[in-house]
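Peer 1: quick one: sequence plus predicted model below, questions after.
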Protein chains: 2
Amino acid sequence: MDPMNAVVLLSGGLDSTTVAYLAKNEGYRLYALSFDYHQRHRRELEAAKAVAQAVGVVEHRFVSFDLSLWGGSALTDDELEVPLHRSAETMTTAIPITYVPARNTIFLSFALGYAEVVGAQAVFAGMNALDYSGYPDCRPDYLAAMEEVFRLGSKAGREGKPIKILTPLIQKTKREIVEWGNILQVPWALTYSCYQGNLDSCGVCDSCTLRLNAFREAGLPDPIAYAKR
Amino acid sequence: MDPMNAVVLLSGGLDSTTVAYLAKNEGYRLYALSFDYHQRHRRELEAAKAVAQAVGVVEHRFVSFDLSLWGGSALTDDELEVPLHRSAETMTTAIPITYVPARNTIFLSFALGYAEVVGAQAVFAGMNALDYSGYPDCRPDYLAAMEEVFRLGSKAGREGKPIKILTPLIQKTKREIVEWGNILQVPWALTYSCYQGNLDSCGVCDSCTLRLNAFREAGLPDPIAYAKR
């Protein structure tokens, strides 16, 4: 049987790293894809590189473009503050300011192009239950629509070999992701989640808060260094 | 009534230029969006700038990224030759080598992000009958799927104000586009279509051949300079 190829969207955080290990575990040959979209820091790209090497990918491509061009999100617009100390509850009641317009649509579009070129059967992405409560472009109905775009908007799809979008974490909480990743022996020390981008994670931004809570709830140690926890 | 805003995908060729004039004529305030995707030449970006200025846009943004990274198309891969002297008939029988994997999906994804940030109600794009006979990501069913992505994958769409994808040329032949553009007084001299990228258009590549035929069939002069015609 031909080897199965998959593109994996890899940010170097908990979710995408766990997904890379899941895909590997299912026997896929991995083509990692990361983005430098002029996010506030690029520390996470270093994490993505380390993870790609650890999991063992066929190749790791970086696509660079500038979303700060038109701002509109705290993650790309220097005039907007990254929120600190919000609770998980308030984080899920509205579309957060860290929402980057069309980001996942852009990411998945590049993944589709890459998947066509390398002959991949699937694109793996890390969307999960927490994301889709807040971000419109993480929800299952959105992902189904995007998969239809994959089918109709590609040569492969038109020839009856549609490229799937696989999001194995879509029903998972952060705690469950940590538990699952732990079984797969994900090297958490290589991952990075903080919005601030310093060598030591801040421990107080939304992303650090969620990460720390997930490890705490799972009863597992988080091996990365924090300035404050 | 509030002014209507629209993002226009502008390559500087016949189709997107005509669409810009159509959108302007319908009363939209235009936000032009052009891409430097390391296509073989950037002469067309100069054309896009001139057209944007002529039609009168609120702003003109350029997004740069590198699709030559993974090649796979004669337009982005230096190892593949741009085909010359193919007839319109053979051009429409299969997906051409000038197909760039996921290009329109990537373009429309950026347009969605831009449209959200500027509060646009629509994205205008120049897909037409000739395109969709060959390219999967120009066909009406694909565009409908992408519009569903726009609806589900954006804050605006989730709040009941979906951003439309408008392709007024979708049923038009190149001849009809030239005829329609002529009524709108499109400044053809500012546009550029050639795949080769020299100051004078080559007159022999697919794109020049289609353009010259369109003007000839419409009985109108094409004012740009050709090396050969």
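Peer 2: Structure received.
Peer 1: following element in sequence after the helix or strand hosting A:Ala52, please.
Peer 2: In the assignment (DSSP states H and E), A:Ala52 maps to helix A:43-55. The element immediately downstream of helix A:43-55 (helix or strand, assigned by DSSP H and E) is strand A:59-64.
Peer 1: average pLDDT across that next one?
Peer 2: For strand A:59-64, mean pLDDT rounds to 90.
Peer 1: got it, and stretch A:188-196?
Peer 2: Computed over stretch A:188-196, the mean pLDDT rounds to 93.
Peer 1: first-to-last residue distance for it?
Peer 2: By C-alpha to C-alpha, to the nearest Å, the extent of stretch A:188-196 from end to end equals 18 Å.
Peer 1: show me what the longest helix along chain A is packed against.
Peer 2: Criterion DSSP state H: the longest helix present in chain A is helix A:103-118. Judged by 3 or more C-beta pairs under 8 Å, 6 or more residues apart in numbering or on different chains; DSSP states H and E, the packing partners of helix A:103-118 are strand A:5-9, strand A:29-36, strand A:122-124, helix A:140-152, helix A:155-158, helix B:103-118. In this view, the C-beta of every residue, glycine as well, is placed from N, C-alpha and C.
Peer 1: hang on, A:Ala218 packs against A:Gly181?
Peer 2: No: at 9.4 Å, A:Ala218 does not count as touching A:Gly181 under the criterion of C-beta atoms under 8 Å.
Peer 1: quick one, which of the two is more surrounded?
Peer 2: Legend: neighbour count by other C-beta atoms under 10 Å in any protein chain shown for A:Ala218 and A:Gly181, higher for A:Gly181 (25 against 19).
Peer 1: so that one sits against A:Gly13, correct?
Peer 2: No: A:Gly181 is beyond contact range of A:Gly13, at 11.1 Å (criterion: C-beta under 8 Å).
Peer 1: can you list the low-confidence ranges for chain A?
Peer 2: By pLDDT under 70, the low-scoring segments of chain A are A:1-2, A:39-40, A:67-99, A:131-133.
Peer 1: dump the residue contacts of A:Tyr21.
Peer 2: By C-beta atoms under 8 Å, 6 or more residues apart in numbering or on different chains, A:Tyr21 lies in contact with A:Val55, A:Gly181, A:Leu184, A:Gln185, A:Val186.
Peer 1: make JSON lines out of the helices and strands packed on helix A:103-118 and add distance to A:Ala225 and mean neighbour count.
Peer 2: JSON lines is the format used below for these (distance: least, C-beta to C-beta, whole Å; neighbours: other C-beta atoms under 10 Å in any protein chain shown):
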{"stretch": "strand A:5-9", "distance to A:Ala225": "26", "mean neighbour count": "26"}
{"stretch": "strand A:29-36", "distance to A:Ala225": "22", "mean neighbour count": "23"}
{"stretch": "strand A:122-124", "distance to A:Ala225": "28", "mean neighbour count": "25"}
{"stretch": "helix A:140-152", "distance to A:Ala225": "34", "mean neighbour count": "21"}
{"stretch": "helix A:155-158", "distance to A:Ala225": "43", "mean neighbour count": "19"}
{"stretch": "helix B:103-118", "distance to A:Ala225": "34", "mean neighbour count": "25"}
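Peer 1: out of those, which is closest to B:Ala144?
Peer 2: Across the helices and strands packed on helix A:103-118, B:Ala144 has its closest neighbour in helix A:140-152 (8.5 Å, C-beta to C-beta).
Peer 1: is that closest one anywhere near chain B?
Peer 2: Yes: Helix A:140-152 reaches chain B (C-beta under 8 Å from any C-beta of the partner chain) through A:Asp141, A:Tyr142, A:Ala145, A:Met146, A:Glu148, A:Val149, A:Arg151, A:Leu152.
Peer 1: what about the nearest residue to the second one once chain neighbours are set aside, distance to B:Tyr114?
Peer 2: Put plainly, it is A:Tyr142. Excluding its sequence neighbours, the residue lying closest to A:Tyr142 (C-beta to C-beta, 6 or more residues apart in numbering or on different chains) is B:Leu152, at 4.1 Å. Using C-beta to C-beta, to the nearest Å, B:Leu152 is found at 18 Å from B:Tyr114.
Peer 1: tilt between the longest helix of chain A and strand A:59-64?
Peer 2: 140 degrees (axes from the mean of the first three to the mean of the last three C-alpha atoms, to 10 degrees).
Peer 1: now helix A:103-118: how far from the chain's centre is it?
Peer 2: 13 Å (C-alpha atoms, centre = their mean, to the nearest Å).
Peer 1: swap in stretch A:27-42?
Peer 2: Chain-centre distance of stretch A:27-42: 8 Å, with C-alpha atoms, centre = their mean.
Peer 1: what's the answer for stretch A:140-160, then?
Peer 2: Mean-position distance between stretch A:140-160 and its chain equals 20 Å (C-alpha atoms, centre = their mean).
Peer 1: repeat that for stretch A:111-121.
Peer 2: Distance, stretch centre to chain centre, for stretch A:111-121: 18 Å (C-alpha atoms, centre = their mean).
Peer 1: restricting to C-alpha, output that stretch in PDB.
Peer 2: What follows is stretch A:111-121, C-alpha atoms only, in PDB (Å, rounded to 0.1, in the frame of the first residue of the first chain):
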ATOM      1  CA  ALA A 111      -2.200  23.700   3.500                       C
ATOM      2  CA  LEU A 112      -4.500  22.800   0.600                       C
ATOM      3  CA  GLY A 113      -1.900  24.000  -1.900                       C
ATOM      4  CA  TYR A 114       0.900  22.300  -0.100                       C
ATOM      5  CA  ALA A 115      -1.100  19.000   0.200                       C
ATOM      6  CA  GLU A 116      -1.800  19.100  -3.600                       C
ATOM      7  CA  VAL A 117       1.900  19.500  -4.400                       C
ATOM      8  CA  VAL A 118       3.100  16.700  -2.100                       C
ATOM      9  CA  GLY A 119       0.200  14.400  -2.900                       C
ATOM     10  CA  ALA A 120      -1.200  14.400   0.700                       C
ATOM     11  CA  GLN A 121      -4.500  12.700   1.500                       C
END
